[in-house]
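**Q** my questions concern the predicted model and sequence given below.
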Amino acid sequence: MNEPPEQPAAATKAAAKKAVTKKATAQKAVAKKTATTKAAAKETAPAKRTAATKETAVAKTTAAKKTTAAKKTAAAKKTAAEKTAPKASAKKAAKKTPARKPESRVAMVRRARRINRELAELYPYAHPELDFTNPFELLVATVLSAQTTDLRVNQTTPRLFAVCPTPEDMAAMDPERLEELIRPTGFFRAKTKSLLGLSAALRDRFGGEVPGRLEDLVTLPGVGRKTANVVLGNAFGVPGITVDTHFGRLARRFGWTTAEDAEKVEADVAEIFPKSEWTMLSHRVVFHGRRVCHSRKPACGACPIAPLCPAYGEGETDPEKAKKLLKYELGGQPGQRLKPPAGYPGKPAPPMAPPVAAS
């Protein structure tokens, strides 16, 4: 039997050796690639960490800025809220006033006439608050009362009427002398022009007498419907509604009118009350406006007609605080007339202090 040849065995061994060498080479390549990857990773990691750190820092800074801004905004809002708190409280207090149900025309007229009756009981002594002894003095005093108080007029007119008691005397006055006499009432140049004009008109067109008709009175310089109604109602006994700032304000608060124009207010109120009440209604409403129902801060808590007033709550509702807001005789202070009529419960107003002599 023959032995197998040696050459094939040697070839097999060589092939096996070659396979082992190839495998080793492959393993080395893999190991080298892995090492390279790890090295690259090590080099990249710090850069990524640095970038991440920077992004985080930027994010934290931005967040901090936003937080600071938010705190400042919140603080500003809080400060603003604290500053406006009193105003807001006042508005809130005003809103607490219970809303009235819609009122019919008949109900409004009944309520308005009841207010008039209540005011008549409160002010049985209501009167024109200008001192006068005849129609001419009342006409002049009423013209002077524009843009000033009745008290200031009453303190000024004694000297004026001592110098020029009649229209003829006043029409002949030197303008500068007349200006000096009425200067305390303000707007003395314009008032001087009106007084000289109306005095001349009374002298030339009406025989030196004040006419007793509205149509004639409103033709005089400086005389409108308000002044004419004051003179007619108090010097001639002709009923008239005097719409001054007090009357207009209260007529709107009472819900008698929504008009701002004086003539429209007069027309609206005239439809509510009988003509016989017009003059005294005017005095009562004006009295109430000057003493209780003030423009800026009405004394609602001390107002006897508060239950009848739709505007209750616009002013001070606390009784004790409201009582301190009362003026003139209701507040224990002098009235506006130096010579008040009989039955007036307050004190007469003091005359104007004499000017201090220059040293």
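**A** Nice, I can see it. Numbering: from 1, shown residues only.

**Q** contacts for stretch 325-333 next, please.
**A** For stretch 325-333, contacts defined as C-beta atoms under 8 Å, 6 or more residues apart in numbering pick out 290-292, 294, 297-299, 302, 315-316, 334-336, 344-347. In short, each C-beta sits where N, CA and C put it, glycine included.

**Q** do stretch 249-260 as well
**A** Identification of contacts with stretch 249-260 by C-beta under 8 Å, 6+ apart yields 103, 108, 111-112, 115, 243, 248, 264-265, 268-269, 272, 285, 288-289, 293, 295, 298, 308-311, 314.

**Q** list the buried ones in that stretch?
**A** Under the neighbour-count criterion of 16 or more other C-beta atoms under 10 Å, stretch 249-260 has Arg249, Leu250, Ala251, Arg252, Arg253, Phe254, Gly255, Trp256, Thr257, Ala259 buried.

**Q** out of the contacts of stretch 325-333, which end up buried?
**A** 290-292, 294, 298-299, 302, 315-316, 335-336, 344, 346.

**Q** name the nearest of these relative to Ala172.
**A** Taking C-beta to C-beta as the measure, Ala172 lies nearest Gln336 of the buried ones among the contacts of stretch 325-333, at 30.3 Å.

**Q** helix, strand or coil for that closest one?
**A** coil (DSSP: H, G, I helix; E, B strand; the rest coil).

**Q** relative to Leu325, how far out is the spatially most central residue of the chain?
**A** By C-alpha atoms, centre = their mean, the chain has its centre lying nearest to Arg296, at 7.9 Å. Using C-beta to C-beta, to the nearest Å, Arg296 is found at 10 Å from Leu325.

**Q** what about the strands in the stretch 201-350 of the chain?
**A** For the stretch 201-350 of the chain, applying DSSP state E, counting those that start in this stretch gives no strands.

**Q** burial of the closest residue to Gly346 other than its chain neighbours, as a residue count?
**A** Leaving aside its chain neighbours, Gly346 sits nearest to Glu329 (2.8 Å; criterion: C-beta to C-beta, 6 or more residues apart in numbering). Neighbour count of Glu329, defined by other C-beta atoms under 10 Å: 18.

**Q** tell me who's in contact with the nearest residue to Ala270 once chain neighbours are set aside.
**A** Using C-beta to C-beta, 6+ apart and skipping the chain neighbours, the partner closest in space to Ala270 is Ile241 (5.9 Å). Contact analysis of Ile241 by C-beta under 8 Å, 6+ apart lists Asn229, Phe247, Glu266, Val269, Ala270, Trp278, Thr279, Leu281, Ser282.

**Q** 6 Å - rerun?
**A** Residues near Ile241 by C-beta atoms under 6 Å, 6 or more residues apart in numbering: Glu266, Val269, Ala270, Trp278, Ser282.

**Q** show me which of the residues you listed are buried.
**A** The neighbour count (16+ other C-beta under 10 Å) marks Glu266, Val269, Trp278, Ser282 as buried among these.

**Q** from those residues, pick the one nearest Pro340.
**A** Ser282 (17.8 Å).
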